[in-house]
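Undergrad: Structure, please.
(2 chains)
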Amino acid sequence: MSTLKEIKDELNDIPGTYVFTKERARLGLHLNLFFTSLLKAANREEFLRDEKAYLAKFTLTEEQRAVVLARDWTGMLRLGGNIYHMSKLGGTDRKTFQYMAGCMAGMAQDDYRAMMLAGGRPLAGNRSKAEQKPAS
Amino acid sequence: MAKIIAGVGTSHVPAIGVAMDEGKTQEPYWKSLFDGYGPVRKWLAEVKPDVVILCYNDHCAALPPDTIPTFALGVGDEFQPADEGWGPRPVPVVKGDPDLAWHLVESLVLDGFDLTIMHQLQVDHGLTVPLSITCGQPKEWPFKVIPIEVNVVLYPQPTGARCHALGRAIRKAVESYGKDQKVVIFGTGGMSHQIHGERAGLINKEWDTAFLNDLTANPQRLIDLKHVDYIRDAGAEGIEMIVWLIMRGALNDHVQEVGRHYHVPASNTAAGLIVLENR
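TA: The predicted structure is shown next:
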């Protein structure tokens, strides 16, 4: 059995991945509560009518408000957003999971779709930050 | 006596539900995926279960970020399809089996599984897409459903070993139920996929194939997998596959694979399906 420290180090060693840990859950609670509010159609309409006014109802940091307004999906991850909660904002925008994934992967939508049709992103080269470092 | 006779493992990709709801299943992107679902639909229609115990994970639709049960069981009369941000899916209401569900709760808690009891539970694509995959588009679902919801969103998720042990306890609980009922258990989610971060789009066909093979041949290898093994090698959201181990735990040690399908991609995800019968 690994120690908790070893587990954390292993989870942090995965490139391009924001495991939803206790740290991120604490950081992002209110951001994720905002996303949750969008499960109601009336709230989605109210948000889209005046995004800033709607966001003012939640206990968010300025940075969290900014990434929501900019639809900076990776910024939301960085500030404690969880992808499944974030998908409610995607749904409000009538965007798919694949759209959000392409944005976070930093790829044009057509390129991302083509990568998936060709079998997806390979594990080789994407498994470990430590393995990505050039041998010294 | 009630009895679990078979298990189904399947992905529950939301886009699969959307493709069915919007009549796109014969389009080139989707056709070969849906063609592969024909045999499981035929099999399930012949088996005619009275009840399906459907193990899945909610995707932050029914359960808000301030309440995160590790395992939850739905005891309601019915479960409404959830609005996940783009309106509820146009699928039938899911009918529960409160009598068997409460029996499971009592047996499981006395057996040491302290699960959360849900009178009301809206069911998202995690539960309704497996029904669509295995039943098509009927006016009413052809069996009652007992939802078992598992936290796979927030680390620490339950371990694979715990999921498998819960499956064992579910089997014992079902077999102590007085009424004659034919039960099939579903474990859903996965297969390899990652839908967030710069690594989004990860697929690992070799990993998925080994997982499908070992469900029958070597479940102990899967029971021993750690969280990081799934997250690293099968993508962050690939950890949903721990839920399949509840299904495997509820079956006999000896099972026979009677159906399998695997297709890449369904949107961001490797879609897998397996049917296991007790032997």
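Undergrad: can we go C-alpha only for contacts and neighbour counts from here?
TA: OK.
Undergrad: could you pull out the strands for the stretch 1-150 of chain B?
TA: All strands of the stretch 1-150 of chain B, identified by DSSP state E, counting those that start in this stretch, fall at B:3-10, B:51-56, B:71-74, B:78-79, B:94-95, B:116-118, B:144-150.
Undergrad: how far does the fourth one sit from the chain's center?
TA: Just to be clear, that refers to strand B:78-79. 17 Å (Cα atoms, centre = their mean, to the nearest Å).
Undergrad: try the longest one
TA: Taking the mean C-alpha point of strand B:3-10 and that of its whole chain, the gap between them comes to 10 Å (Cα atoms, centre = their mean).
Undergrad: just so I know, which of the strands of the stretch 1-150 of chain B lies nearest B:Y37?
TA: Among these, the nearest to B:Y37 by Cα to Cα is strand B:3-10 (10.5 Å).
Undergrad: Could you list the residues in contact with that closest one?
TA: B:130, B:171, B:174-175, B:180-190, B:244, B:247-248, B:250-251, B:271-278 (Cα atoms under 8 Å, 6 or more residues apart in numbering or on different chains).
Undergrad: show me the contacts for A:N12.
TA: A:N12 neighbours (Cα under 8 Å, 6+ apart): A:V19.
Undergrad: got a pLDDT number for it?
TA: pLDDT for A:N12: 95.
Undergrad: Backbone torsions only: list them for it.
TA: phi -80, psi -10 (degrees, to the nearest 10).
Undergrad: Show me the one of the strands of the stretch 1-150 of chain B that comes nearest B:P219.
TA: Proximity to B:P219 (Cα to Cα) singles out strand B:3-10 among the strands of the stretch 1-150 of chain B, at 13.5 Å.
Undergrad: Sheet partners, orientation included, of that closest one?
TA: strand B:182-188 (parallel), strand B:269-278 (antiparallel) (DSSP bridges).
Undergrad: Would you point to the one among the ones you listed that's packed deepest?
TA: strand B:182-188 (a mean of 27; mean count of other Cα atoms under 10 Å in any protein chain shown).
Undergrad: mind listing the helices for chain A?
TA: A:4-12, A:22-37, A:41-49, A:51-55, A:62-69, A:73-78, A:83-92, A:97-105, A:109-117, A:129-132 (DSSP state H).
Undergrad: for the residue nearest to A:W73 when sequence neighbours are not counted, what are its contacts?
TA: Spatial nearest neighbour of A:W73, chain neighbours left out: A:M104 (6.2 Å); criterion: Cα to Cα, 6 or more residues apart in numbering or on different chains. The neighbourhood of A:M104, defined by Cα under 8 Å, 6+ apart, consists of A:W73, A:T74, B:H196, B:G197, B:E198, B:A200.
Undergrad: how near is A:M104 to B:H193?
TA: 14 Å (Cα to Cα, to the nearest Å).
Undergrad: where in chain A is pLDDT low?
TA: A:1, A:134-136 (pLDDT under 70).
Undergrad: neighbours around residue 45, how many?
TA: As the question left the chain open, I've gone with chain A. For A:E45, the neighbour count with other Cα atoms under 10 Å in any protein chain shown is 13.
Undergrad: Can you look at chain B instead?
TA: So B:A45, with other Cα under 10 Å, has 13 neighbours.
Undergrad: Equivalent analysis for the one 3 residues further on, please.
TA: Neighbours of B:K48 under the rule other Cα under 10 Å: 13.
Undergrad: Can you name the residues of the stretch 51-200 of chain B sitting close to chain A?
TA: By the rule Cα under 8 Å from any Cα of the partner chain, the part of the stretch 51-200 of chain B lying against chain A is B:59-61, B:64-66, B:83-87, B:153-156, B:195-200.
Undergrad: Mind putting the strands paired with strand B:3-10 into CSV with mean pLDDT?
TA: Output for those, formatted as CSV (pLDDT from 0 to 100):
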stretch, mean pLDDT
strand B:182-188, 98
strand B:269-278, 98
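Undergrad: out of those, which comes closest to A:A114?
TA: That would be, of those and by Cα to Cα, strand B:269-278, which comes in at 13.4 Å.
Undergrad: ok, residues contacting that closest one?
TA: Counting by Cα under 8 Å, 6+ apart, B:5-13, B:40, B:190-194, B:201, B:203, B:205, B:212, B:216, B:251-252, B:254-265 sit against strand B:269-278.
Undergrad: Now list the buried members of those.
TA: Buried by 16 or more other Cα atoms under 10 Å in any protein chain shown: B:5-13, B:40, B:190-194, B:201, B:203, B:205, B:212, B:216, B:251-252, B:255-257, B:259-265, out of the contacts of strand B:269-278.
Undergrad: Around the residue nearest to A:Y112 when sequence neighbours are not counted, count how many other residues there are.
TA: Counting by Cα to Cα, 6+ apart, A:Y112 lies nearest to A:G102, which is 5.6 Å off, once chain neighbours are set aside. If you count neighbours by other Cα under 10 Å, A:G102 ends up with 25.
Undergrad: circling back: which of the contacts of strand B:269-278 fall in strands?
TA: Among the contacts of strand B:269-278, the members falling in strands are B:5-10, B:255-265 (criterion: DSSP state E).
Undergrad: quick one: contacts for the spatially most central residue of chain B?
TA: In chain B, the centroid-proximal residue (Cα atoms, centre = their mean) is B:T188; its distance is 2.3 Å. Contacts for B:T188 (Cα under 8 Å, 6+ apart) come out as B:9-12, B:54-57, B:126, B:130, B:240-241, B:243-244.
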